[in-house]
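Student: could you look at this predicted model? Sequence included:
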Amino acid sequence: MIQKQKISRKRLSSLYTISTLFIIVFLLSSFHKEDRDEVNGRKLLPGIDKVEKRTNAHCELTVEINGDKGLCEDDTVVLTAAVSGMSKCDSCSEYKVINTSPCIGKREPLVLDISKTRNFFFFSITERKVMRNENLKLIDHGDGTAILTGYVRNSKRYKVEVKFTQKKKYSYKEPYKNACGGTLHTKDWIYFWDFTGYIKEVGGGFYMNISKKGGPAQIGKGANTNERVHNKLGSSFWIKGSNGWSGDFHLNLDCVKQLNTNLSYRWSTGERTKSIRVHEPGTYTVTVSDCNNCKASDTVAIMHQDTAIDAGQDQTICLGDEAVLTVEGEGDILWSNGETTRTITVQPFETTTYSVALTNNGCKVEDEVVVTIGDCGIAKMKVYPTKINRNQSLIIDALMNGYGKITTSLYDLSGRKIHTFKEQPYQKGNNKLTVYMHTVPVVLPGIYILKLEGDNWIRTRRVIIGL
């Protein structure tokens with residue numbers, strides 16, 4: 001008996017162990033299943049999140065802000081949202097409403113069927129109103145909202161207005177099927193998840209505030225659940241009122257106006273146009289939505305564009321001489337004589353003002369320099385030879401009207417100073433001065449500008465330096 005009792009305890013212990021392991025495995029599998037069915041800490045709702053994830057995966061909408069990024073002083077910048085990858089949707093913006101030919105009930109043409117039941121002690125009375133279309137129209141605003149507006153009638157006339165919001169390309173549940181039978185093709189249907197409105201008798205006392213009852217309003221081919229003709233463009237939605245009335249709309253639709261665009265724009269400035277004009281530096285963002293509720297954003301920083309320019313000091317030269325003008329600053333260059341290089345050489349025959357413009361990132365600045373033809377102290381000057389090598393020397397023959405000193409410098413065609421030679425004195429009358437080229441650092445063969453400066457006068461000559 002003692003041995004049997006020991007065996008029974010071992011078996012019981014084994015059973016406890018197996019049961020405990022089974023419970024742990026079950027809890028772990030439940031935990032992982034719960035984890036798989038959650039996104040961002042909440043449970044997925046069947047028919048909503050899974051469809052939404054699939055719809056978002058098909059979004060290819062992108063947007064890029066085009067326009068100058070530099071803001072010039074006292075100027076404006078135009079920013080434009082360039083969009084690609086828009087969804088293809090039903091582009092109808094306005095529908096004409098047509099009566100439904102129902103397959104159930106009395107089969108009389110209708111667009112609206114509402115009823116109200118009053119219960120008494122031993123019986124109940126149901127009041128019903130069936131209404132035909134007069135001039136209803138459904139307008140899609142293209143921003144996720146729409147409105148049904150117009151009049152319906154039976155023996156009386158009623159004003160109808162229903163405002164729809166939360167436009168989607170999918171329903172949170174299975175769409176309502178056609179009561180007349182047939183296969184549903186819901187791929188291109190659209191849904192409005194919420195709507196409110198009213199029905200008001202013209203010249204009478206009937207009034208009904210309405211709101212959504214059941215599923216969303218559905219629009220598409222075959223969406224009218226009470227239409228005998230299969231896959232006809234239409235809509236159905238179900239309503240309830242605060243005064244006990246409830247019922248449904250069944251509409252056949254005919255598109256009478258197309259949307260010009262399926263895009264909506266929202267800028268950080270509050271504007272809703274494709275392009276905006278900005279006057280201040282800062283960060284600007286645009287968010288674009290398409291007809292499938294896909295969204296894309298882009299941000300751009302606009303900064304003040306500081307563009308500086310300096311055309312150099314005014315110059316005085318002798319008649320027949322050349323002046324070398326150099327502009328400092330960044331950007332595209334345009335001189336008043338049509339040249340576009342940083343350094344230009346001019347030879348005016350009278351005092352002339354030269355203007356130059358720099359354009360950088362859309363910003364344009366200007367400066368000017370005056371070249372004056374002065375009363376020079378040089379009666380005559382000749383520089384030779386004009387083609388030399390570094391082992392030769394230049395000779396300056398000058399007939400001077402007075403005394404002074406001459407400074408000679410060598411520049412390349414970009415205006416960069418290569419070398420300044422030793423200053424030399426001159427006297428009134430004939431002078432022969434020598435410029436020793438071997439003192440010039442190593443330079444490449446090419447054309448250079450020799451600049452000679454004295455008291456209140458400047459002369460320039462071109463020389464060719466060879467090997």
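Tutor: Yes, it's here.
Student: in stretch 281-296, what counts as buried?
Tutor: Of the residues in stretch 281-296, those buried under the neighbour-count criterion (16 or more other C-beta atoms under 10 Å) are 284, 286-294, 296. Backbone N, C-alpha and C define where each C-beta goes, glycine included.
Student: same question for stretch 343-360.
Tutor: By neighbour count on 16+ other C-beta under 10 Å, the buried set for stretch 343-360 is 343-344, 346, 348, 352, 354, 356-358, 360.
Student: beta-bridge partners for residue 158, please?
Tutor: Beta-bridge pairing for residue 158 (DSSP bridges): residue 152, residue 201.
Student: what's the answer for the one 5 residues further on, then?
Tutor: As for beta bridges, residue 163 partners with residue 147, residue 196 under DSSP bridges.
Student: now residue 289
Tutor: Here residue 289 sits in beta bridges with residue 264, residue 295, going by DSSP bridges.
Student: export the buried residues of stretch 281-296 to a markdown table and tack on pLDDT and distance to residue 250?
Tutor: As requested, those are arranged in a markdown table below (pLDDT from 0 to 100; distance: C-beta to C-beta, whole Å):
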| residue | pLDDT | distance to residue 250 |
| --- | --- | --- |
| 284 | 94 | 47 |
| 286 | 96 | 40 |
| 287 | 96 | 37 |
| 288 | 94 | 35 |
| 289 | 89 | 30 |
| 290 | 83 | 29 |
| 291 | 73 | 25 |
| 292 | 73 | 26 |
| 293 | 77 | 26 |
| 294 | 87 | 31 |
| 296 | 94 | 37 |
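Student: what's the nearest residue to the residue nearest the centre of the chain if we skip its chain neighbours?
Tutor: Computing the C-alpha centroid of the chain and ranking residues by C-alpha atoms, centre = their mean puts residue 81 first, at 2.8 Å. Distances taken as C-beta to C-beta, 6 or more residues apart in numbering place residue 286 nearest to residue 81, at 4.7 Å, with adjacent residues excluded.
Student: hang on, that neighbour packs against residue 265?
Tutor: Yes: with contact defined as C-beta atoms under 8 Å, residue 286 reaches residue 265; the gap is 6.1 Å.
Student: name the residues contacting each of those two.
Tutor: Common contact partners of residue 286 and residue 265 (C-beta atoms under 8 Å, 6 or more residues apart in numbering): residue 81.
Student: how many neighbours does the spatially closest residue to residue 392 that is not a sequence neighbour have?
Tutor: Leaving out its chain neighbours, the residue that sits closest to residue 392 by C-beta to C-beta, 6+ apart is residue 437, at 5.8 Å. Other residues within reach of residue 437, judged by other C-beta atoms under 10 Å, total 19.
Student: any figure for the gap between residue 437 and residue 415?
Tutor: Taking C-beta to C-beta, to the nearest Å as the criterion, residue 437 is separated from residue 415 by 20 Å.
Student: can you pull the contacts of residue 422?
Tutor: residue 439 are the contacts of residue 422 under C-beta under 8 Å, 6+ apart.
Student: give me the pLDDT value at it.
Tutor: According to the model's per-residue confidence, residue 422 sits at a pLDDT of 93.
Student: need phi/psi at it.
Tutor: Note on residue 422: backbone dihedrals following degrees, to the nearest 10 are phi -60, psi 130.
Student: got it, and the one 5 residues further on?
Tutor: With angles defined as degrees, to the nearest 10, residue 427 sits at phi -130, psi 170.
Student: the closest residue to it other than its chain neighbours and residue 458, how far apart?
Tutor: Using C-beta to C-beta, 6+ apart and skipping residues adjacent in sequence, the residue nearest residue 427 is residue 403, 5.3 Å away. Relative to residue 458, residue 403 is positioned 18 Å away (criterion: C-beta to C-beta).
Student: who has more neighbours out of these two?
Tutor: With neighbours defined as other C-beta under 10 Å, residue 403 and residue 458 compare such that residue 458 has more, 20 against 12.
Student: what residues does the helix or strand harbouring that one touch?
Tutor: Residue 458 is part of strand 457-465 when elements are defined by DSSP states H and E. Outside strand 457-465, the residues within contact range by C-beta under 8 Å, 6+ apart are 315-318, 321-324, 345, 374, 376-378, 381, 383, 386-390, 394, 437, 443, 445-452.
Student: only whichever of those are buried, select them in PyMOL.
Tutor: Typed into PyMOL, the line below selects the buried ones among the contacts of strand 457-465, using 16+ other C-beta under 10 Å:
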select buried, resi 315+316+317+318+321+322+323+324+374+376+377+378+381+383+388+390+394+437+448+449+450+451+452
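Student: so which of the contacts of strand 457-465 sit within strands?
Tutor: In this view, those that belong to strands under DSSP state E are 315-317, 323-324, 345, 378, 381, 383, 387-388, 394, 446-452.
Student: strands along the stretch 101-250 of the chain, start to end?
Tutor: If DSSP state E, counting those that start in this stretch is used as the criterion, the strands of the stretch 101-250 of the chain fall at 112-119, 124-133, 137-140, 146-153, 157-168, 190-201, 207-212, 217-221, 233-241, 246-258.
Student: name the residues of the fifth one that are buried.
Tutor: In this case it means strand 157-168. For strand 157-168, burial by neighbour count (16+ other C-beta under 10 Å) applies to 158, 160, 162, 164, 167-168.
Student: dump these into JSON lines; add pLDDT and distance to residue 117 as well.
Tutor: Listed next are the buried residues of strand 157-168 as JSON lines, based on pLDDT from 0 to 100; distance: C-beta to C-beta, whole Å:
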{"residue": "158", "pLDDT": "97", "distance to residue 117": "20"}
{"residue": "160", "pLDDT": "98", "distance to residue 117": "22"}
{"residue": "162", "pLDDT": "98", "distance to residue 117": "23"}
{"residue": "164", "pLDDT": "97", "distance to residue 117": "27"}
{"residue": "167", "pLDDT": "90", "distance to residue 117": "33"}
{"residue": "168", "pLDDT": "87", "distance to residue 117": "33"}
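Student: name the nearest of those relative to residue 424.
Tutor: Residue 424 has its nearest neighbour among those in residue 167, at 88.5 Å by C-beta to C-beta.
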